[in-house]
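>>> Mind folding the following:
(one chain, ligands or ions: 1)
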Amino acid sequence: MTKFPHRMQDMASGEDHDVGILTKKEVRTERPPLYKVLLLNDDFTPMEFVVHVLERFFGMSHAQAFELMLTVHKKGVAVVGVFAFEIAETKVGQVMEFARRHQHPLQCTMEKE
Ligand code: TYC
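Below is the predicted model of the structure:
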């Protein structure tokens, strides 16, 4: 059986050259960068509104949402989720639009992880 890669003589020039099959051991697929979605505290948005936002747009249970709302209230900011760029962008837009529509100053932003 012929082994690849191997040297082979060119019949015209008489010179040796490599003959083989070009293979790649690994094809690296880079993971897309992730973005943290952050919720910021303020003095005016009602606690129940924030809890509702976390349930509605981030799929949290009432208990999870209440706990995270309190974290933001006490610490000033918290990560509410980590997503691919377009998902994060959509969530931020949904929260900002919902808060604006209800005339609350709630702020939601994103940053690369
Ligand atoms: N600090 C607000 C209040 O006392 C509650 C609040 C929590 C507002 C989280 C925003 O992201 C926030 N009513």
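>>> Next secondary structure after the helix or strand hosting Glu67?
For Glu67, the host element (DSSP states H and E) is helix 62-75. Once the chain leaves helix 62-75, the next helix or strand it forms, by DSSP H and E, is strand 77-84.
>>> name the helices or strands packed onto whichever helix or strand comes after that next one?
Moving toward the C-terminus from strand 77-84, the next helix or strand (DSSP H and E) is helix 85-101. Where contact means 3 or more C-beta pairs under 8 Å, 6 or more residues apart in numbering; DSSP states H and E, helix 85-101 is packed against strand 34-40, helix 47-58, strand 77-84, strand 107-112. Quick note: C-beta positions are derived from backbone N, CA and C, even for glycine.
>>> contact partners of the helix holding Glu67?
Applying C-beta atoms under 8 Å, 6 or more residues apart in numbering, the external contacts of helix 62-75 come out as 39-41, 47, 50-52, 54-55, 58, 60, 78, 80.
>>> from those, which are also near the ligand?
With C-beta under 6 Å from any ligand atom as the criterion, those include 39-41, 47, 50 near the ligand.
>>> Would you mind putting these into a markdown table with pLDDT, distance to Glu89 and neighbour count alongside?
Below are those laid out as a markdown table (pLDDT from 0 to 100; distance: C-beta to C-beta, whole Å; neighbours: other C-beta atoms under 10 Å):
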| residue | pLDDT | distance to Glu89 | neighbour count |
| --- | --- | --- | --- |
| Leu39 | 98 | 15 | 24 |
| Leu40 | 99 | 17 | 14 |
| Asn41 | 99 | 22 | 17 |
| Met47 | 99 | 26 | 12 |
| Val50 | 99 | 20 | 25 |
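>>> ok, so of these, who is nearest Thr109?
Leu40 (7.0 Å; C-beta to C-beta).
>>> Quick check: the gap between the closest residue to that closest one other than its chain neighbours and Val79.
Spatial nearest neighbour of Leu40, excluding adjacent residues (C-beta to C-beta, 6 or more residues apart in numbering): Gln107 at 4.2 Å. Here the criterion is C-beta to C-beta, to the nearest Å. By it, Gln107 lies 14 Å from Val79.
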